[in-house]
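Trainee: When you get a sec, could you give me coordinates for this:
(4 chains)
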Number of protein chains: 2
Amino acid sequence: MKLFLVDDHPVVRAGIKALLEGEADMEIVGEAASAEEAVRGVALREPDVVLMDLQLGDGPDGVEATRRVRELPGGPKVLVLTTYETDADIVRAIDAGATGYLLKACPPDELFQAIRAAARGESVLSPKVAAKMMRRMRDPGPALTAREIEILELLARGAGNKEIAKALFITEATVKTHLNHVYGKLGVDTRTAAVTAAVERGLIRL
Amino acid sequence: MKLFLVDDHPVVRAGIKALLEGEADMEIVGEAASAEEAVRGVALREPDVVLMDLQLGDGPDGVEATRRVRELPGGPKVLVLTTYETDADIVRAIDAGATGYLLKACPPDELFQAIRAAARGESVLSPKVAAKMMRRMRDPGPALTAREIEILELLARGAGNKEIAKALFITEATVKTHLNHVYGKLGVDTRTAAVTAAVERGLIRL
DNA sequence: GTCAAGCTCAACCGATCGGTTGATGCCCGC
DNA sequence: GCGGGCATCAACCGATCGGTTGAGCTTGAC
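Mentor: Okay, here's the model as predicted:
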């Protein structure tokens, strides 16, 4: 089974390589520290599974890299191996075509199993991630509208209702209506709390 | 030279171990995934240098672990090896007694040099971190007081002035005074903007 | 000992925000 | 066609926030 590593941390790449050395059925055929390198390397090496970090320094992130890798002819499975487990990251990664989502904090055995499962095309999630998804399924949560997200993004920059209104070509009254909806959906009652809640849920990015 | 690893990610611990295998003068005498384990392990193994991650899962973080390790009789040097480079993290780590601050994204050679330097008691910083510190030195920037940071942290949770006042056992008037100072120092004029500005500058964490 | 800086508090005012109610138009799915 | 969700707007009110001025206190530096 041919593997390809994408992670901007040399330490992490070395760690994965070291861990996989004991697994006879796995071979690392290449690695990359950025999205661009990843796409080139994967096209060249044609691995079976790509282990992908979501944080890749400054350029395009792992989600974008996942999308591009999947678009390659004969694109391999992508197993996301990252540090965080925010809803937005998980959803975006899966949406971009990732086959699984693992946390770096997981025990090595779990990683091995997940790689083999990913190679078979099975969807694997870290127990913690799976639990999070289940919670989301049981309680679908807020589901903000596009307009409400726009409001939130301006809110996060510290804009007042008047500024938001101008920026979106609506009246202040409408802004307030949207905000009240957002408050309700996020379970908060101030604009500042709305921003942090939205960031924590991965609805917006600072 | 005896090293001790503290990182909650098995992958990262494996990576550091793998990288250090080629260095004849370094030996890993123990590792830990949490602050508690770290203190126990360091007391037992008496390493020369501790490589410390700042994010350690749920319990006390690496800063706290650093502080406790340094308080041990014959406490070793602590070299922080982490992912982020926010001002707050750097300052808190140094303040807790860390000898150096490295990023996991740094090339392995840099890591080796830094470990040796740390063992000699020299203060080492990642080039990126050093550059950041230099920027801060050139342009001292805001330099918020401890009290102002406390205010900001509560602010970030969406607390109103009244709540902040209660939490810090001061009056609302004082809170407003502090806030006005914060606004001035951060160059903003609303509480929400203050939060995002503070997060972006690494003054607080969400 | 003086001076600066930080923390504390007070009173006041206008601007903004939060909450409510009610209303209109649009588009989608049943 | 008709309900329902979404986006839009209006008017009102109390609460909160932002800005200002001024002042007392402690602490540490020069």
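Trainee: was I right about residue A:94 contacting residue A:124?
Mentor: No. The criterion here is Cβ atoms under 8 Å, and residue A:94 misses it with residue A:124 at 11.5 Å. The way it works is simple: take the backbone N, C-alpha and C, and place the C-beta from them, glycine included.
Trainee: what's near enough to touch residue A:51?
Mentor: A:3, A:4, A:5, A:6, A:7, A:16, A:79, A:81, A:115 (Cβ atoms under 8 Å, 6 or more residues apart in numbering or on different chains).
Trainee: From those residues, which land in strands?
Mentor: Residues of those located in strands (DSSP state E): A:3, A:4, A:5, A:6, A:79, A:81.
Trainee: nearest spatial neighbour of the third one, skipping sequence neighbours?
Mentor: Sequence neighbours aside, residue A:31 is the residue nearest to residue A:5 in space, at 4.0 Å (criterion: Cβ to Cβ, 6 or more residues apart in numbering or on different chains).
Trainee: got a list of what the one you found touches?
Mentor: Residue A:31 touches A:4, A:5, A:6, A:7, A:13, A:41, counting by Cβ under 8 Å, 6+ apart.
Trainee: who touches the second one in this structure?
Mentor: Shown in contact with residue A:5 (Cβ under 8 Å, 6+ apart): A:13, A:16, A:17, A:28, A:30, A:31, A:32, A:50, A:51.
Trainee: Need the three-state assignment for the residue nearest to residue A:5.
Mentor: Per DSSP: H, G, I helix; E, B strand; the rest coil, the local secondary structure of residue A:31 is strand.
Trainee: Model confidence score at it, please.
Mentor: pLDDT, residue A:31: 95.
Trainee: same deal with residue A:11?
Mentor: The model's pLDDT for residue A:11 equals 90.
Trainee: And what about it, helix, strand or coil?
Mentor: Per three-state DSSP, residue A:11 ends up helix.
Trainee: Flag every residue of chain A that's near DNA strand D.
Mentor: A:143, A:145-148, A:165, A:168, A:170-171, A:173-174, A:176-178, A:181, A:190 (Cβ under 7 Å from any atom of the strand).
Trainee: Would you mind listing which of these are buried?
Mentor: A:148, A:165, A:174, A:178, A:181, A:190 (16 or more other Cβ atoms under 10 Å in any protein chain shown).
Trainee: rewinding a little: with the contacts of residue A:5 in mind, which one is nearest to residue A:73?
Mentor: residue A:50 (14.8 Å; Cβ to Cβ).
Trainee: Tell me what the closest one is bridged to.
Mentor: residue A:4, residue A:78 (DSSP bridges).
Trainee: Out of the contacts of residue A:5, give me the two with the largest separation.
Mentor: A:17 and A:50 (14.5 Å).
Trainee: the more surrounded of those two?
Mentor: Neighbour comparison, residue A:17 and residue A:50: the larger count goes to residue A:50, with 31 against 16 (by other Cβ atoms under 10 Å in any protein chain shown).
Trainee: The more buried one reaches residue A:38, doesn't it?
Mentor: Yes. Between residue A:50 and residue A:38 a contact is recorded at 7.3 Å, counting by Cβ under 8 Å.
Trainee: what is in contact with these two at once?
Mentor: Shared contacts of residue A:50 and residue A:38, defined by Cβ under 8 Å, 6+ apart, are found at A:4, A:6, A:69.
Trainee: Just among the residues you listed, which is most surrounded?
Mentor: Neighbour max across these (other Cβ under 10 Å) = residue A:6, 29 neighbours.
Trainee: dump the residue contacts of that residue.
Mentor: A:31-33, A:35, A:37-38, A:50-53, A:56, A:62, A:65.
Trainee: For the residue nearest the centre of chain A, list the residues it contacts.
Mentor: Taking Cα atoms, centre = their mean, the centroid of chain A lies closest to residue A:89, which sits 2.5 Å from it. Taking Cβ under 8 Å, 6+ apart, we find residue A:89 in contact with A:54, A:63, A:82, A:202.
Trainee: Which SSE is immediately downstream of the longest helix along chain A?
Mentor: What stands out as the longest helix in chain A, according to DSSP state H, is helix A:172-186. Following helix A:172-186 in sequence order, the next helix or strand is helix A:191-200 (DSSP states H and E).
Trainee: List the neighbours of that next one that are in contact with it.
Mentor: A:86, A:144, A:152, A:155-156, A:179, A:182-183, A:186-188, A:204-206, B:155-159, B:191-192, B:195-196, B:206.
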